[in-house]
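Asker: Fold the stuff below for me.
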Amino acid sequence: MVILFKQPNTDQILEKLKLILEGGVTREEVSAWAEGYVMQDEPIDMETVVWEYLQVVSGVDIKVTPEEYLYVEQDIIDWIELYSKK
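Answerer: Okay, here's the model as predicted:
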C-alpha cells in the first residue's frame, strides 16, 4: 500500500491528465496515482472537488476491450476543461 501524506490539488490532477494526452505518462500510471488517494483506509481530509476529480481520474485506465479504453481522449480533454473552471 502507498502511504500518501499530502493531498493533491486540482492543478496537479490537471497536469497528470495533460501528460496522458502528451504521452508523458500512461493512463495506468495516473490511475494508480489517483487510486492511491481514493482507496486509502483512512482518507486524508481534502476538498470535495479534489475528491470528486480523483475518483474520475482513477478510472481513466478502464478498458472495454483489450485495446480500447472506456474514456477516449476527448473525455480527458472535457475533464480538463470542466475541472479547470472549478
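Asker: Once you drop chain neighbours, what's closest to the residue most central in space within the chain?
Answerer: Against the mean C-alpha coordinate of the chain, by C-alpha atoms, centre = their mean, the closest residue is residue 57 at 2.5 Å. Nearest residue to residue 57, sequence neighbours excluded (C-beta to C-beta, 6 or more residues apart in numbering): residue 34, at 4.2 Å. All C-beta spots, glycine's among them, are computed from the backbone N, C-alpha and C.
Asker: Please, which helix or strand holds the one you found?
Answerer: Assigned by DSSP states H and E, residue 34 falls within helix 27-38.
Asker: Who are the packing partners of that helix?
Answerer: helix 10-22, helix 48-57 (3 or more C-beta pairs under 8 Å, 6 or more residues apart in numbering; DSSP states H and E).
Asker: Name the nearest residue to residue 64, sequence neighbours excluded.
Answerer: residue 70 (5.1 Å).
Asker: contacting residues around the one you found?
Answerer: Going by C-beta atoms under 8 Å, 6 or more residues apart in numbering, residue 70 touches 59, 62, 63, 64.
Asker: So for it, what's the pLDDT?
Answerer: For residue 70, the pLDDT comes out at 98.
Asker: what's the distance between stretch 35-55 and the middle of its chain?
Answerer: 10 Å (C-alpha atoms, centre = their mean, to the nearest Å).
Asker: ok so, going back, hang on, the residue nearest to residue 57 packs against residue 51?
Answerer: No: using C-beta atoms under 8 Å, residue 34 is not in contact with residue 51; the gap is 10.5 Å.
Asker: which of the two has more neighbours?
Answerer: residue 34 (22 against 15; other C-beta atoms under 10 Å).
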